[in-house]
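Q: What would the 3D arrangement of this be:
(chains A, B, C and D)
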Protein chains: 2
Amino acid sequence: MGHAKHDYPLDRDQVSDLLEAHGILPTQQRVDIAYVLFQRAQHLAAEQVLASVNAYYGHVSKATVYNTLGLFVRKGLLREVLIEPGRTFYDSNTRDHHHVYDVETGELEDIPASSVAIQADSSIVDGAEVEGMDLVIRIRRHGEAAGG
Amino acid sequence: MGHAKHDYPLDRDQVSDLLEAHGILPTQQRVDIAYVLFQRAQHLAAEQVLASVNAYYGHVSKATVYNTLGLFVRKGLLREVLIEPGRTFYDSNTRDHHHVYDVETGELEDIPASSVAIQADSSIVDGAEVEGMDLVIRIRRHGEAAGG
DNA sequence: TTGGGTGCAAACTATTTGCATTCGA
DNA sequence: TCGAATGCAAATAGTTTGCACCCAA
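A: A predicted model of the protein is given here:
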């Protein structure tokens, strides 16, 4: 847990291998979708994935995008990031990391897990297996004093 | 930041005062809704709030519930918690705290901020004001060895 | 050949909005 | 009184589902 699974960007053959390595049959559409996702570490909503794939590669339907994204999440290839209500972002950064969210611009940035130390009382998770820790640091960048 | 704003449960007068203290006109419906919410620290979806209010107090419409929850969030009386895609939970715990999420049961539990130490490199938030940190620890409780 | 994958459209869920009515300072 | 709050229903946005067709092993 917590190590990089691959680098960016991946070419189509590498994407195909990546899917197979995760037990996913690398069909045309899935490779198209993964190719868009794994160009770099990024946060994309389903709608954006759909638009990118259809703009640059073969046609993919909305249902297939949703099905595929869900599949990738279940297989550990993507991470769901829930920041804004009602919109799921899919995070193609498979490294162990956290997020900084600018509440004013809506910008979402990755920070490596190594730059944050999280220490929880052992009693918190006593007897349970920790699947992961998701930290979101909410910031506002305007340096000005809050007026009123 | 990070101190308790009030205790639980609140009676209707206290709820009314709480709303006024946050610049919210305490109408009948808003007090009904707040009264349900602030019985204790809990995580409720809009639908559950609607059902509770209508079961125990006067009638409130769906739109008013959503409008009111949104208002309470904007005024800092509630916290939005996004764990499951497509469903917003409203957290009536106004104390500084984090969450433990059981990925198998969907159970969501509060843990006081004081039982977790989070130390981020200063460069991460350089020049920005930290609004808050949301930590979700995802666990699974089955003690058994992961088989396959 | 054949079961999984895909596309399409309809269904569904959660949430927001428009507007007429009602409430509260 | 009069602007703000509310209720209702329709609209919207995101996501899921059902089913016929197609493709890859």
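Q: From now on I want contacts and neighbour counts done on CA atoms only, so please keep to that.
A: Will do.
Q: quick one, the longest strand anywhere in chain A and strand B:129-140 angle?
A: For chain A, the strand reaching the highest residue count under DSSP state E is reported as strand A:129-140. Interaxial angle, strand A:129-140 versus strand B:129-140 (axes from the mean of the first three to the mean of the last three C-alpha atoms, to 10 degrees): 170 degrees.
Q: Next, see if strand A:129-140 gets close to chain B.
A: Yes: using C-alpha under 8 Å from any C-alpha of the partner chain, strand A:129-140 comes into contact with chain B via A:129, A:130, A:131, A:132, A:133, A:134, A:135, A:136, A:137, A:138, A:139, A:140.
Q: List only buried entries from those residues.
A: A:129, A:130, A:133, A:134, A:135, A:136, A:137, A:138, A:139, A:140 (16 or more other C-alpha atoms under 10 Å in any protein chain shown).
Q: if we look at DNA strand D, which of these are close to it?
A: Among those, no residue sits close to DNA strand D (C-alpha under 7 Å from any atom of the strand).
Q: what residues go with each domain of chain A?
A: A:12-90, A:96-145 (automatic domain parsing).
Q: need these in CSV with mean pLDDT and distance to residue B:12, can you?
A: What follows is those, written out as CSV (pLDDT from 0 to 100; distance: least, C-alpha to C-alpha, whole Å):
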stretch, mean pLDDT, distance to residue B:12
domain A:12-90, 93, 30
domain A:96-145, 88, 33
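Q: winner for burial among the ones you listed?
A: domain A:12-90 (a mean of 17; mean count of other C-alpha atoms under 10 Å in any protein chain shown).
Q: so how far is the first residue of stretch A:108-128 from its last?
A: 30 Å (C-alpha to C-alpha, to the nearest Å).
Q: can you redo the residues of strand A:129-140 next to chain B as TSV with distance to residue B:86?
A: Converted to TSV, those look like this (distance: C-alpha to C-alpha, whole Å):
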residue	distance to residue B:86
A:129	26
A:130	24
A:131	22
A:132	21
A:133	21
A:134	18
A:135	20
A:136	19
A:137	22
A:138	21
A:139	24
A:140	25
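Q: Show me which of those is closest to residue B:34.
A: Distances from residue B:34 to those, taken as C-alpha to C-alpha, are shortest for residue A:138 (25.7 Å).
Q: Quick check: the closest one touching residue A:105?
A: No: counting by C-alpha atoms under 8 Å, residue A:138 does not reach residue A:105; the two are 11.2 Å apart.
Q: Determine whether any part of the longest helix seen in chain A lies close to DNA strand D.
A: Criterion DSSP state H: the longest helix present in chain A is helix A:62-74. Yes: interface with DNA strand D: helix A:62-74 contributes A:62, A:63, A:66, A:67, A:70 (C-alpha under 7 Å from any atom of the strand).
Q: Any chance of a markdown table for these, columns distance to residue B:98?
A: Below are the residues of helix A:62-74 next to DNA strand D laid out as a markdown table (distance: C-alpha to C-alpha, whole Å):
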| residue | distance to residue B:98 |
| --- | --- |
| A:62 | 35 |
| A:63 | 35 |
| A:66 | 30 |
| A:67 | 31 |
| A:70 | 27 |
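Q: Show me where chain A has its helices.
A: A:12-21, A:28-37, A:46-56, A:62-74.
Q: ok and the residue in chain A nearest DNA strand D?
A: At 3.7 Å from DNA strand D, residue A:88 is the closest residue in chain A, using C-alpha to the nearest atom of the strand.
Q: who touches that residue in this structure?
A: By C-alpha atoms under 8 Å, 6 or more residues apart in numbering or on different chains, the residues touching residue A:88 are A:45, A:46, A:80, A:81, A:82, B:85, B:86.
Q: ditto for residue A:68
A: A:30, A:33.
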